[in-house]
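S.K.: Could you work out the structure for the sequence below:
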Amino acid sequence: MTTFDFSPLYRSTIGFDHLANLLDNVTASERSQPAYPPYNIELLETDKYRISMAVAGFEESEISVETEDNALTISARKKAKESEVNYLHQGIAERNFKRQFKLEDHVQVVSATLKNGLLHVDLVREIPEAMKPRRIAINEQPKTDFLKSA
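M.R.: Coordinates of the predicted model:
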């Protein structure tokens, strides 16, 4: 297991202590989550992402996709079978699962689709205008209105 030393971060920054806590939580949750079901995370283009999860054997009504408190939770609960099946070999896992993904503040789930045994969840990062970088014009003369209000 790899450990990280965040003490240089604390010496030169103020207000970023939540970042170290977030990294600790992510590494702890990654250790506790099972490997089932397999999934991919794709960067489709700038600020657009897709999570593709293999959910073979599950119907749309058995899968739940929810967001709460900057977390995306994908879970599935298999319905009880009406009759027992006598498998000679069962390679397709049909067990219940719950997988969580931490989302950045401005990442929103746009859609979820189920096609060919793959669940696709599309996400987009929408940064508010107030948080986007903006260019400040440099003027020769200061605006007198600003000086009067100060």
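S.K.: what secondary structure does Ser61 sit in?
M.R.: Following DSSP: H, G, I helix; E, B strand; the rest coil, Ser61 is assigned to helix.
S.K.: How about the contacts made by Glu82?
M.R.: For Glu82, no contacting residues are found, by C-beta atoms under 8 Å, 6 or more residues apart in numbering. The C-beta positions use only the backbone N, C-alpha and C, and glycine is treated the same way.
S.K.: residues near the spatially closest residue to Ser75 that is not a sequence neighbour, how many?
M.R.: Spatial nearest neighbour of Ser75, chain neighbours left out: Lys98 (4.1 Å); criterion: C-beta to C-beta, 6 or more residues apart in numbering. Using other C-beta atoms under 10 Å, Lys98 is surrounded by 12 other residues.
S.K.: Wasn't Lys98 part of a helix?
M.R.: No. With three-state DSSP as the criterion, Lys98 is strand rather than part of a helix.
S.K.: Verify the stated contact: it with Thr73.
M.R.: Yes. With contact defined as C-beta atoms under 8 Å, Lys98 reaches Thr73; the gap is 6.6 Å.
S.K.: now the helices: where do they sit in the chain?
M.R.: 7-12, 17-32, 144-149 (DSSP state H).
S.K.: Show the contacting residues for the residue most central in space within the chain.
M.R.: Nearest to the geometric centre of the chain sits Leu103, at 3.7 Å (C-alpha atoms, centre = their mean). Residues near Leu103 by C-beta under 8 Å, 6+ apart: Thr67, Asn70, Ala71, Leu72, Leu123.
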